[in-house]
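**Q** What follows is a predicted structure for the sequence shown.
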Amino acid sequence: MRIATWNVNSIKQRIDSARAWLAERKPDIVCLQETKCVDDAFPREPFESLGYNVAVHGQKTFNGVALLSKFRFDEVSNGLPGDDKDDHARFIEGVVSTAHGAVRIASIYLPNGNPPDTEKYSYKIGWMKRLSAYARERLPLEEPLILAGDYNVIPTVADARNPAAWINDALFLPRTRDEFRALINLGLTDAVRASSDDPGLYTFWDYQAGAWQKNNGIRIDHLLLSPAAADRLTGVGIDRHVRTWEKPSDHVPVWIDLEIAAK
DNA sequence: ATGGCCAATATGATTGGA
């Protein structure tokens, strides 16, 4: 089973490149972020025609998450628990059945949090605490659980080309990295770091200032795995080449292979 | 990480992104 995450920065602007990438990488399940459209406007047909089931949780203009799955969804639920007043579309969870039982996948679009001296940052930290509470609730189920998405967190200095430039940024502040570590320390595995300590494994390059050309990137798109998922991890990849395509997203897809067969 | 971008909105300017 191959599972991927990709912040597409508008699904409507990325239909052609998403279809080309799906045909090439052939993921079974894809977690999408920043779809930027309401549910009724999501272009389902271009993905259903490739054999994917589509589950969406969108809103007007901003945010928006979705799941594409070759497996039928047994359950889908929208929204991260823990705050009824939070109306941002940033979390969707699906469950599929496999030969190894239920596999639970969440597509996550964690708040950016800038500027850090505002309520945007407290919203980010609160959201991270809610995500940890969610993981604490799910981990005892001992299922393969994959929390994949745009975390807006640079975990360590090895995850930025120019870490000094990020010192005061919401993506890299000590408090942000502490919360990310707290999540990991519940017993989750960062799939990319389970396979490599290399610097330069970036997933995002800003559109501005020639960031791509200078390889001024950061690693902020992550797949975090429960022990039952990590035990079956056989491969990881970052599809960097997608950043060279026409009309690219500023993020590229990241994927994992799990030794989990269809039912 | 800003000189340089991109997307959504009834838009020709503003907001959000990271």
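**A** It's in.
**Q** which residues does the residue of the stretch 51-200 of chain A found nearest DNA strand B contact?
**A** Nearest residue of the stretch 51-200 of chain A to DNA strand B (Cβ to the nearest atom of the strand) works out as residue A:112 at 3.7 Å. From N, CA and C alone the C-beta is placed, and that goes for glycine too. Neighbour list for residue A:112: A:120, A:124, A:152, A:170, A:171 [criterion: Cβ atoms under 8 Å, 6 or more residues apart in numbering].
**Q** For residue A:71, see how far away the first one is.
**A** Taking Cβ to Cβ, to the nearest Å as the criterion, residue A:120 is separated from residue A:71 by 36 Å.
**Q** So for the two, which sits in the more crowded spot?
**A** For residue A:120 versus residue A:71, neighbours defined as other Cβ atoms under 10 Å are more numerous around residue A:71 (19 against 14).
**Q** is it true that that one touches residue A:261?
**A** No: using Cβ atoms under 8 Å as the test, residue A:71 is too far from residue A:261 to be in contact (11.1 Å).
**Q** Can you pull the residues that touch both of these two?
**A** Contact criterion Cβ under 8 Å, 6+ apart; residues shared by residue A:71 and residue A:261: residue A:98.
**Q** Assign a three-state SS to residue A:194, would you?
**A** Here residue A:194 takes the helix state, with states given by DSSP: H, G, I helix; E, B strand; the rest coil.
**Q** what's the answer for residue A:94, then?
**A** Assigned by three-state DSSP, the conformation of residue A:94 is strand.
**Q** Could you do the one 3 residues further on as well?
**A** Assigned by three-state DSSP, the conformation of residue A:97 is strand.
**Q** Please name the spatially closest residue to it (chain neighbours excluded).
**A** residue A:263 (5.2 Å; Cβ to Cβ, 6 or more residues apart in numbering).
**Q** Can you get me a residue count around the one you found?
**A** Residue A:263 has 10 neighbours, counted by other Cβ under 10 Å.
**Q** And for residue A:157?
**A** By the criterion of other Cβ under 10 Å, residue A:157 has 12 neighbours.
**Q** Could you double-check that residue A:203 lies in contact with residue A:223?
**A** No: counting by Cβ under 8 Å, residue A:203 sits too far from residue A:223 to count as a contact (10.6 Å).
**Q** For the stretch 151-263 of chain A, list the residues in contact with DNA strand B, please.
**A** With Cβ under 7 Å from any atom of the strand as the criterion, the stretch 151-263 of chain A comes near DNA strand B at residues A:152, A:162, A:165-166, A:171, A:204, A:206-211, A:216, A:218, A:220, A:247, A:250.
**Q** again, only this time at 6 Å
**A** A:152, A:162, A:165, A:171, A:204, A:206-210, A:216, A:218, A:220, A:247 (Cβ under 6 Å from any atom of the strand).
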